[in-house]
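Participant: Sharing a sequence plus its predicted fold:
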Amino acid sequence: MDKYEIQNNETERQLIFIDKLSQYTKEYTEKHSRTPAYFIQTFGCQMNERDSEKMAGILDRSGFKAAAVEEEADVILYNTCTVRDNADRKVFGRLGVLKGVKDNNPGLLICLSGCMMQEAGVIEKIKKSYPHVDLIFGTHNIYKFAELLYDRISSGEMIIDIWDHEKEIVEDLPSKRKFSFKSGVNIMFGCNNFCSYCIVPYVRGRERSREPKDIIKEIEALTRDGVKEVMLLGQNVNSYGKGLEPFVSFPELLKDIAAISDLKRIRFMSSHPKDLSDDLIDVMASSDNVCDHLHLALQSGSDRVLQMMNRHYTRDDYLRIIDKLKNKIPDIAITTDIIVGFPGETEKDIDDTVDIIKKAEFDGAFTFVYSKRTGTPAASMPVSMTDEEIHAGFDRVLKTVQDTAKKQVQRFVGRTMPVLVESRNEKDDTMLTGRIPQNTVVHFKGDPSLIGSIVNVRLDEAQGFYYLGTCIL
Ligand code: SAM
Ligand code: SF4
Ligand code: F3S
């Protein structure tokens, strides 16, 4: 049996469970004179956002409807993250609150999925302290959501299904997009890098790349459905293609995707500096619809810390890549991730990080205080700074990032740029909010009918990290 037959059979199997759930929701609706509703809360990164869209698609196809607020839901799903300790704490906090909710509404079904469920000790803690949870599954079997939910409803018992490693990629199941005009598209799953602080490789498994033809087919269908922008998703898209026969590199895939007619914008994340090739920079420079934006996680500007982090590049390697990018793509915006307080890090290392931020002139950065993750190599390394020192270092890094970002945003003032209009402005109903290819936000006056289209906007002034502009039709 070849790989595709297995995939198709699993897809068909799941569609049978979607049919069974549809029968259940139909009977529920007749009995209660209302359709059962669901609410999904997503924690964590774009991978999880995309997984949640798939689970929402399964629930929609099974006849559930989306609830506007958690209080109106009959099925609550928390798709969890465990990258830092505070992500875990948020979920446990909310589970505590749901205990009281379930006491008043015993029919409520509480489901947990995602990265935190893959972590050692979490399931035992939930079984002991949160027995009101109905269904728990992990990152490798989200495609089985219909089957697992059906099993829970028909058995009346708590269902726990966690796999300790990945299996095949299952294609062609439903998904419900959050936005009509843009979408995440998984190109690969898992991570092989084992950065010493990071839990992701343990909870997401080894790298697996989707077949190029499946990715292209999905994006073509999305563009037919009105999608203008796709975000290609993977923990390290630059190592896309390993294990595929024939091998296809990420730059080759990107070039093929860029050739899809009517696809206006392509973004991708994340990129690991150790695998970023000249070919990728060339494809970015030569393809009009690949956005002039790169998110390239730095983590630290100190060679000593980068080595302890197992990142496989030096600060000079990183700066060389930035130079090449800026030479070939002069308008490129570069954003990054930085961790402060890694075990063994000193004030001098933080000085190096501050220095590289100034040299790289980032357009933005997510800065994190290091969070110890049990089971990772860094968890057993001794911490050298006090909490106060770490927070002072964090503030210094944050301030430097904000200063460079504010300076960078000034450089396009006065230019007219294409803007993908994403929403009404949250504060002013007469204004719209969108993004330029560099990903910077722009607010401007306009009619809501423009949401989802790309319009030309003159960037009149920069305010902090965003622009105020005028639409030039
Ligand atoms: N694969 C992506 C990459 O390498 O660019 C990163 C994915 S990770 C979900 C997002 C960011 O979380 C990382 O770039 C890192 O800065 C941060 N992170 C990961 N583990 C962390 C930890 N233990 N403590 C603090 N921040 C962490
Ligand atoms: Fe974590 Fe490193 Fe993999 Fe990114 S590349 S997910 S930081 S292990
Ligand atoms: Fe969190 Fe998992 Fe993403 S740990 S950051 S949701 S890959």
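Facilitator: The structure has been received and is ready for your questions. Because the structure is a prediction, the values reported are computed rather than measured. Residues are numbered from 1 along each chain as shown. Ligands and ions are numbered 1, 2, ... in the order given.
Participant: from here on, contacts and neighbour counts on C-alpha atoms
Facilitator: Will do.
Participant: Would you agree residue 456 falls within a strand?
Facilitator: Yes: the assignment for residue 456 by DSSP: H, G, I helix; E, B strand; the rest coil puts it in a strand.
Participant: tell me the SS of the closest residue to it other than its chain neighbours?
Facilitator: Distances taken as Cα to Cα, 6 or more residues apart in numbering put residue 418 closest to residue 456, at 4.5 Å, once the chain neighbours are dropped. In three-state terms, and counting by three-state DSSP, residue 418 is strand.
Participant: so who does residue 418 touch?
Facilitator: 436, 437, 454, 455, 456, 457 (Cα atoms under 8 Å, 6 or more residues apart in numbering).
Participant: so which of those residues is the most crowded?
Facilitator: Neighbour counts for the contacts of residue 418 (other Cα atoms under 10 Å) peak at residue 457, which has 25 neighbours.
Participant: confidence score at the closest residue to that one other than its chain neighbours?
Facilitator: In space, and not counting its chain neighbours, residue 457 is closest to residue 471: 4.3 Å by Cα to Cα, 6+ apart. Among the per-residue scores, residue 471 holds a pLDDT of 97.
Participant: for residue 168, same thing?
Facilitator: On pLDDT, residue 168 comes in at 83.
Participant: SS state for it?
Facilitator: Secondary structure, three-state DSSP: residue 168 is coil.
Participant: Report how many residues lie close to it.
Facilitator: 13.
Participant: Flag every residue of the stretch 151-300 of the chain that's near ligand 2.
Facilitator: By the rule Cα under 6 Å from any ligand atom, the part of the stretch 151-300 of the chain lying against ligand 2 is 191, 193, 194, 195, 198, 200, 201, 235, 236.
Participant: among those residues, which two are most distant?
Facilitator: 198 and 236 (13.4 Å; Cα to Cα).
Participant: tell me what the lowest-mean-pLDDT helix or strand in the chain is packed against?
Facilitator: Least confident helix or strand, the chain: helix 3-32 with a mean of 86, by mean pLDDT, DSSP states H and E. Secondary-structure packing of helix 3-32 (3 or more Cα pairs under 8 Å, 6 or more residues apart in numbering; DSSP states H and E): helix 46-61, helix 145-155.
Participant: can you pull the contacts of residue 210?
Facilitator: Going by Cα under 8 Å, 6+ apart, residue 210 touches 169, 186, 187, 188.
Participant: Ligand 2 versus the third one, what's the distance?
Facilitator: Translated: residue 187. For residue 187, the distance to ligand 2 (Cα to the nearest ligand atom, to the nearest Å) stands at 15 Å.
Participant: from memory that residue sits against residue 209, does it?
Facilitator: Yes: using Cα atoms under 8 Å, residue 187 is in contact with residue 209, at 6.1 Å.
Participant: on that earlier part again, most packed of the helices and strands packed on helix 3-32?
Facilitator: With neighbours defined as mean count of other Cα atoms under 10 Å, the helices and strands packed on helix 3-32 peak in mean count at helix 46-61, which reaches a mean of 21.
Participant: Tell me how far that one lies from the chain's centre.
Facilitator: How far helix 46-61 lies from its chain's middle: 12 Å, per Cα atoms, centre = their mean, to the nearest Å.
Participant: Might you enumerate the residues of the chain proximal to ligand 1?
Facilitator: So far as Cα under 6 Å from any ligand atom goes, the chain lies against ligand 1 at 83-84, 197-198, 235-236, 270-272, 297, 299, 337-339, 368-373.
Participant: Quick one, which of these are buried?
Facilitator: Among those, those buried by neighbour count (16 or more other Cα atoms under 10 Å) are 83-84, 197-198, 235-236, 270-272, 297, 299, 338-339, 368-373.
Participant: Might you specify the subset of these located within strands?
Facilitator: If you go by DSSP state E, these have 338, 339, 368, 369 in strands.
Participant: Please name the bridge partners of the last one.
Facilitator: Spelled out, that is residue 369. residue 340 (DSSP bridges).
Participant: so it sits right up against residue 341, yeah?
Facilitator: Yes: counting by Cα under 8 Å, residue 341 is a contact partner of residue 369 at 5.9 Å.
Participant: who touches both of these two?
Facilitator: Residues touching both residue 369 and residue 341 (Cα under 8 Å, 6+ apart): 390, 394.
Participant: Same question for the least confident helix or strand of the chain: list its buried residues.
Facilitator: By neighbour count on 16+ other Cα under 10 Å, the buried set for helix 3-32 is 7, 10-11, 14-15, 17-18, 20-22, 24-26.
Participant: Look at residue 452 and tell me its secondary structure.
Facilitator: Under three-state DSSP, residue 452 comes out as coil.
Participant: count of neighbours near residue 382?
Facilitator: Other residues close to residue 382 by other Cα under 10 Å number 11.
Participant: For it, give me the backbone phi and psi.
Facilitator: Main-chain dihedrals, residue 382, degrees, to the nearest 10: phi -70, psi 140.
Participant: give the contact list for it.
Facilitator: So residue 382 contacts 343, 344 (Cα under 8 Å, 6+ apart).
Participant: what does the model give the residue most central in space within the chain for pLDDT?
Facilitator: Centroid-nearest residue in the chain, with Cα atoms, centre = their mean: residue 46, separated by 1.2 Å. Looking at residue 46, its pLDDT reads 95.
Participant: surely residue 453 meets residue 433?
Facilitator: No: in this structure, residue 453 is not within contact of residue 433 by Cα under 8 Å, at 11.6 Å.
Participant: Looking at these two, which is more packed in?
Facilitator: Per other Cα under 10 Å, whichever of residue 453 and residue 433 has more neighbours is residue 433, with 23 against 16.
Participant: Brilliant, that's me finished.
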